[in-house]
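K.L.:
model the following, please.
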Amino acid sequence: MKKAVLFLISFTGILINCNSQIINKKQQIIHDIDSIRTTYHIPGLTFGVANCDSTIILGGLGVREINTTDSVTISDYFNFGSLGKGFTSFMIGKLVDEGKISWNTQFFEMFPELKQSSRKEYLNLSLKDLLSMRTTLKSLNKFPDSKTLIDGYNEQYVKNRFSNYLFAKYTLTLEPVKYDSGQFYHYTSMGYVLANLMLEKASGLSYAKLLEKTNKDIGVNFLIGWPQQLNKKQPSGHFIPSEMGFGDYNGLSVVNGDKYTGWVEDWFYYLIPSGHHSVSVIDYLKYLQLNLNGIIGTNNYLKASTYDFIFNGATEYSMGWGNEIVNGNHYYSHTGSTGNFMARAIIIKEQKIAIAVLINAGNNESSEGIRQITQYLEKNTPHNNDLRKNIYE
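P.N.:
Numbering: from 1, shown residues only. A predicted model of the protein is given here:
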C-alpha cells in the first residue's frame, strides 16, 4: 500500500512538473514574441503554429489600433495580402480535381475572342504559367508601374471601371516586360487577374461565390477585403506615409480601406484573387493544416497529387508559394502585404509544422519584425510529441 501511495505521489509530481514546464514554455514564447513586437513597433499581431492534427500555439498581442487600449484577440481578422495567391491556387486545385480545368489549360482556349487583339508573345499562356509567374505581363505590384497600368486602362475604358475582363484585354495589348539574364520568372499579380477569369469560367461562379463555397466546404471564413468590412471593431491597418509616398510624416498612421481612393481603389479591386483577403489566425491555420497534410501525401479536400503540384509544380516559385530546400528540409513560404497589413506563412514538410504570423502594419520596420517572429517560432516551438497536444489552445 505504501509503495502504491509513493508511486501515486511520484507520478503526480511528474505531471505537475511537466505541466509547469509547458506553462513556462508558453509564457516564455509569448513574452519573447511580444518583445520582438515592441522592438519593431508593431501595433498588434496574431500568430500560430500547427502540426498535422492539432494546434500547438496560438496568440494575440498588442492593440487593434495605435493610441488605444483595444487589445488584439486570436479571433481578430487581419488582411494577409499576397498569401491570397496560395489560397486562390487552392480553390483552383479543387476545380482541377473535379475535372473542370487543368493546370495546362491555355488562357486563349477559354477566351479565343481575345486572341486577335492580343500580342503574339502572350498567345501560349497556360493556367500554371499565370499562377507561377512564368509570364511577361506588366507589373501589378510596384508603384509607379501599377498606377501607370491602371491609369492607362481607365483612360481607354472610361465607362468600364472595375472590369477584370476588359483590364485583362487591355493588358494583353501592351509590350511584354523583358527578363534579366538568368531570370526565369517575373513576379506580377497580373497573372492572377487572368487566372481569375479562367477560374470563374470553369466553375460557373464568381470569385466571391466560389470563395463562399470553399469556406463552407472546409469550415473557415475567408473574407474579400479589409477586416473592418466585417465590423468596425476589427484591427486597423497602419503604415508610415513617407515610405508609401503619401506625405512626409515618418510615424505610424492609421490607414484603413476607406482611405485608399483614386487609382489605389482600382488596384485593390484587381488584386482580389492574388492578395486582398482577411481572415483570423485560427481559420488560416486550419487551411494551412490541410496543405501540410496534403504535402506529406494525405488526400483531404484536395488530392495529395494536387497539393504536390501547387507547392512543387515549378522551381523556386510554384502556384502561389515559394519553395526551397534548406538543410534537407522542404520549405514552402510566402509573405504578403497590402501596405497597412502584413502576413507571413511557412510550411516545413519534414518537421510537419505550419507557421502563420499576421500583423496590422506594413512599414519597413514591421517587415523585419515579422521575419524575426517567424524565425523565432520555427526555432522555439516545441517539437516533441508530449508538448504537441493542443496544450496551447
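K.L.:
neighbours of the residue nearest to residue 33 when sequence neighbours are not counted, how many?
P.N.:
Closest residue to residue 33 apart from its sequence neighbours, by C-beta to C-beta, 6 or more residues apart in numbering: residue 373 at 5.6 Å. Any C-beta I mention is one placed from the backbone N, CA and C, and that applies to glycine too. Using other C-beta atoms under 10 Å, the number of residues around residue 373 comes to 24.
K.L.:
for residue 148, same thing?
P.N.:
By the criterion of other C-beta under 10 Å, residue 148 has 13 neighbours.
K.L.:
repeat that for residue 126.
P.N.:
19.
K.L.:
may I have the phi/psi pair for it?
P.N.:
Recorded main-chain torsions at residue 126 are phi -110, psi 170, according to degrees, to the nearest 10.
K.L.:
report the rounded mean pLDDT for whichever helix or strand the residue nearest to residue 33 is part of.
P.N.:
Following DSSP states H and E, one finds residue 373 within helix 364-380. Averaged over helix 364-380, pLDDT sits at 97.
K.L.:
give the buried residues for it.
P.N.:
Across helix 364-380, burial judged by 16 or more other C-beta atoms under 10 Å covers 366-367, 369-374, 376-377.
K.L.:
need these in TSV (columns: distance to residue 101).
P.N.:
Putting those into TSV (distance: C-beta to C-beta, whole Å) gives the following:
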residue	distance to residue 101
366	37
367	35
369	39
370	34
371	35
372	40
373	37
374	33
376	40
377	36
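K.L.:
moving along the chain from the helix or strand bottoming out on mean pLDDT in the chain, name the first helix or strand you hit.
P.N.:
Across the helices and strands of the chain, mean confidence by mean pLDDT, DSSP states H and E is lowest for helix 2-39: a mean of 67. Going down the chain from helix 2-39, the next helix or strand is strand 44-50, by DSSP H and E.
K.L.:
what's the first helix or strand after that following strand?
P.N.:
Once strand 44-50 ends, the next helix or strand along the chain (criterion: DSSP H and E) is strand 55-62.
K.L.:
ok, now which ones touch residue 253?
P.N.:
238-241 (C-beta atoms under 8 Å, 6 or more residues apart in numbering).
K.L.:
for residue 141, same thing?
P.N.:
187-189.
K.L.:
name the element it belongs to?
P.N.:
Residue 141 belongs to no helix or strand when assigned by DSSP H and E.
K.L.:
residue 269 too?
P.N.:
helix 263-270.
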